[in-house]
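# sequence unknown, structure follows:
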């Protein structure tokens, strides 16, 4: 298949923005400033890279109004060049459309309601009472439990599990190995053993949610685990039972969120973060990578912890003191000039 | 199917305990103090919530002897109200029973020994020499390797892998994506490359073990990896080769345990914990979330580390000092009054 | 099947090295110094264990030239006893060979190119344009996407996903649940929502790579994610889009590597490590477990962070001070003798 060719004019017609220079310039793809060739359109989104514009071999460039005159290459002027780049890239790489119907090897229960335009891949299992929406794509080896629901235009890559009764919205993307609705981790101690607390809630994902590979989102104990619309979750994230994640929040890889925690809207949670259970995080909070969130965050802003790397010899010398920080603090304080901080300024 | 209705008397007959008030009160489910309606039984397990008892709309309440007279609602007095709640919830939500037989699409080797009462789901693979116990349920797409063994009444949710020769006890629950018995991570360096050390041990899980979604428990190198009876493991936990985990220990999500480490009985390991290899942790140890366990723990008790979150601006200011803590300690000590701690009180 | 019996002479003929003592001594397996019996060969690789040599019941021992005379047991003297042990173990436990052909339940697209000597397991899916090399073994339930490529002699354990267009080299081992080539985590913010950036690069794994269970390696955004030859990755590791990992580097379990980071050759990355994106790590760097790598590492050496465990009561007392370390440092410094360090010795 020859590569698709689009003129700048055609791109602007489909995505908005404005052409500066020759609107008939044709491109066949998108690449970075350094790597784009004459057949490709590049983009300038981060002012830090403006100097590279001079050296680019790109045939065209997407940029913002303030950079409109920074080059004589044919260009598309857009309000948000980075988002425009993303949309342009999608023009050249549109998601594959669903091929209507179930693969002959798929196992679709007669009691499932599968839209006629949905695609069910090889060895997928759709249980009784499950619902699959229009144009949804269920990948090879997926397992959709009884009464579960998959929205219109949602894509499940191969080997995704949706437990019984769970619900995934429209236009979601779930990557391979994701598990939605496994039992939350709830046990009651009794005479030196653990009694399982049945997890009878569900997991509910809103529209436009993306879930990374091997990420797990548990079902609720008594109520539901809820992931809001537009939430984007990276790989290997663990969301425990009864969490609620607000709309348009993003969560980077390897982060774990303990049970019943509520995260606001438009938050950005970095990678490798640990969040304790039963707390609340306000809207608009950013948590940087590997932070240990030990209590509720009431105010928007950026929060951190994480012991930064040092040469091992330094770490050996310094880390021992972490175990006696209280003593050090007392020694330093006792000798400090009067009027200096004597408290522990706890937040 | 109409909801099951149970009188308090029937519940007590099945689970023990004692009714105070009208034993003929009927309930159809269990809910929290705040959410329960007149048809539901609630529970008071944590004295912190006692004040909410006054406001509950529940038709009945499970509570301990000391709270017997804290309400006039019909109630069940139990020794351990939280465990009683768990068991009552299970009365209303009993686990689905196995549907005897193999799904027509399952691939069961003639050399496997599958109990006639076991359920084998669609596209499950049971290899030669594998054994599946009575009333076990093997979910869709599970792969049970040669000579592996699954105990009676054990449930494997969809897409669980049990490698060859591994053994899972009775009444276990393994969630989707769990992998038992993959090769441990063992290599010998040789001339700038790595020579794989064949992992010829196995992984052995005792009875009543629960394993969370996408958790991995590796097989041993020369001996076995052993998970004791009643151990409960959350999602995305990694147990490396030749670990031994004592009975009735619980391990929360995202924790990683390095090779050959021995964890005692009745331990509670929090989420996101990292435990180095070749150490021993005594019985009855609690490790809080995100702790980095760097050496053996000989005494029961609670152990922690984890740098607590702070506003990012504070973190920037404080974290730089972590790299020069040795200097700070020296400065503080040199100025401290004679007789104060001058050591590093290493544990 | 009776255990294989090998004389020391036969082992040396196949693996090199030299026999000291009776070359006709026969062994049927390999075990540790403490556990080996008279029919087994043991090994002494770590001088720390030399004292155990006196007590071993092994019929033979693999050791280095400097320990040649440390025992009178029949022995094999090898340059690298640990690697020799690994190779001897492999003689007794050779990997199972591929059984040529596709299982009748496998779903192999007519447009796939599968070598006649390759083994395709039950319910595996090989899409159009995919290539599977000679003697490769594709486990049950694996999904190989369109145009993906699997090298000769590579083993995919059950339930591995290779996304479209990704490439795995020769003699690789991928464990169950591994996901290669899922979309990288790239979104552009736009008017309070996130626009997905299509991930149109690929993931390319070199020869002799091992990938642990439930590990995820994302495809690149515009270019590729590249894992060099001989790289060994443990379980539950996350490698984000556009990372490049140099040859013969090893990465232990639960580590997460953010996007576009470049790791050198012959590095050793411990478990639970977090590495930020867009940095470079030199060849020959060792990072110890749970370290948070916050910036590029230009020099070989050992790097660490990680707050070491302490009793919880101590942690409560010490951790509060971490939030006011700047104040403590100032107090300590202000009181320090003139001429002492007043800087922050930032690296």
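In hand now; what should we look at? If you're wondering where the values come from, they're calculated on a predicted model, not measured in any experiment.
# any low-confidence regions in the stretch 1-150 of chain A?
The stretch 1-150 of chain A contains residues with pLDDT under 70 at A:1-2.
# residues of it that sit close to chain C?
Neighbours of chain C within the stretch 1-150 of chain A, by Cβ under 8 Å from any Cβ of the partner chain: A:30-32, A:35, A:45, A:80, A:82-83, A:85-87, A:89-90, A:92-93, A:95, A:103, A:105, A:121-123, A:139-141. All C-beta spots, glycine's among them, are computed from the backbone N, C-alpha and C.
# so of those, which ones are in helices?
Cross-referencing these against helices under DSSP state H gives A:82-83, A:85-87, A:89-90, A:92.
# and the residues of the stretch 1-150 of chain A next to chain C, which of them are buried?
With neighbours counted by 16 or more other Cβ atoms under 10 Å in any protein chain shown, these contain buried members at A:30-32, A:45, A:80, A:82-83, A:85-87, A:89-90, A:92, A:103, A:105, A:121-123, A:139-141.
# go back to those and keep what's next to chain B.
Within these, those near chain B by Cβ under 8 Å from any Cβ are A:105, A:123, A:141.
# I'd say the second one and residue A:104 touch.
It refers to residue A:123. No: Residue A:123 is beyond contact range of residue A:104, at 10.5 Å (criterion: Cβ atoms under 8 Å).
# quick one: secondary structure of residue A:326?
Assigned by DSSP: H, G, I helix; E, B strand; the rest coil, the conformation of residue A:326 is helix.
# give me the spatial nearest neighbour of it, chain neighbours excluded.
Once flanking residues are discounted, residue A:326 sits nearest to residue C:317: 4.4 Å by Cβ to Cβ, 6 or more residues apart in numbering or on different chains.
# same check on residue A:217?
residue A:239 (4.3 Å).
# so what does the one you found look like in phi/psi?
Dihedral pair for residue A:239: phi -110, psi 120, per degrees, to the nearest 10.
# state the distance from it to residue A:152.
24 Å (Cβ to Cβ, to the nearest Å).
# which of these two has more neighbours?
Neighbours were counted for residue A:239 and for residue A:152 using other Cβ atoms under 10 Å in any protein chain shown; residue A:239 has more, 32 against 17.
# contacting residues for that one?
A:215-218, A:225, A:227, A:233, A:245, A:257 (Cβ atoms under 8 Å, 6 or more residues apart in numbering or on different chains).
# if you set the cut-off to 7 Å instead, what comes out?
Neighbour list for residue A:239: A:217-218, A:225, A:257 [criterion: Cβ atoms under 7 Å, 6 or more residues apart in numbering or on different chains].
# same thing with residue A:201?
A:219-225, A:242.
# same list (those) but as JSON lines, adding distance to chain C, secondary structure and neighbour count.
Supplementary listing: the contacts of residue A:201 in JSON lines, determined by distance: Cβ to the nearest Cβ, whole Å; DSSP: H, G, I helix; E, B strand; the rest coil; neighbours: other Cβ atoms under 10 Å in any protein chain shown:
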{"residue": "A:219", "distance to chain C": "20", "secondary structure": "coil", "neighbour count": "24"}
{"residue": "A:220", "distance to chain C": "24", "secondary structure": "coil", "neighbour count": "25"}
{"residue": "A:221", "distance to chain C": "25", "secondary structure": "coil", "neighbour count": "24"}
{"residue": "A:222", "distance to chain C": "29", "secondary structure": "coil", "neighbour count": "21"}
{"residue": "A:223", "distance to chain C": "27", "secondary structure": "coil", "neighbour count": "17"}
{"residue": "A:224", "distance to chain C": "23", "secondary structure": "coil", "neighbour count": "20"}
{"residue": "A:225", "distance to chain C": "21", "secondary structure": "strand", "neighbour count": "29"}
{"residue": "A:242", "distance to chain C": "24", "secondary structure": "coil", "neighbour count": "26"}
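# and of those residues, the nearest to residue B:113?
residue A:219 (33.3 Å; Cβ to Cβ).
# ok, the closest one touching residue A:183?
Yes: here residue A:219 reaches residue A:183: they are 6.5 Å apart, a contact under Cβ atoms under 7 Å.
# quick one, domains of chain A?
A:6-92, A:101-303, A:311-342 (automatic domain parsing).
# which one of those domains is the most hemmed in?
domain A:101-303 (a mean of 23; mean count of other Cβ atoms under 10 Å in any protein chain shown).
# which residues touch residue A:247?
With contact set as Cβ under 7 Å, 6+ apart, residue A:247 has these partners: A:206, A:228-231, A:265.
# next one: residue A:157 from residue A:137, what distance?
9 Å.
# just to revisit the earlier point, tell me the confidence at the residue nearest to residue A:217?
Note on residue A:239: pLDDT of 98.
# beta partners for it?
As for beta bridges, residue A:239 partners with residue A:217, residue A:257 under DSSP bridges.
# one more: residue A:43?
When assigned by DSSP bridges, residue A:43 has beta-bridge partners residue A:62.
# my guess is it contacts residue A:60. True?
No: with contact defined as Cβ under 7 Å, residue A:43 does not reach residue A:60; the gap is 9.6 Å.
# before we move on, the earlier item: tabulate the contacts of residue A:201 (JSON lines), appending pLDDT.
As requested, these are exported to JSON lines (pLDDT from 0 to 100):
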{"residue": "A:219", "pLDDT": "98"}
{"residue": "A:220", "pLDDT": "98"}
{"residue": "A:221", "pLDDT": "97"}
{"residue": "A:222", "pLDDT": "94"}
{"residue": "A:223", "pLDDT": "94"}
{"residue": "A:224", "pLDDT": "98"}
{"residue": "A:225", "pLDDT": "98"}
{"residue": "A:242", "pLDDT": "98"}
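# just those residues that are near chain B?
residue A:222 (Cβ under 7 Å from any Cβ of the partner chain).
# can I get the contacts of residue A:201 in TSV including distance to residue C:66?
Below are the contacts of residue A:201 laid out as TSV (distance: Cβ to Cβ, whole Å):
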residue	distance to residue C:66
A:219	59
A:220	61
A:221	60
A:222	65
A:223	66
A:224	65
A:225	59
A:242	60
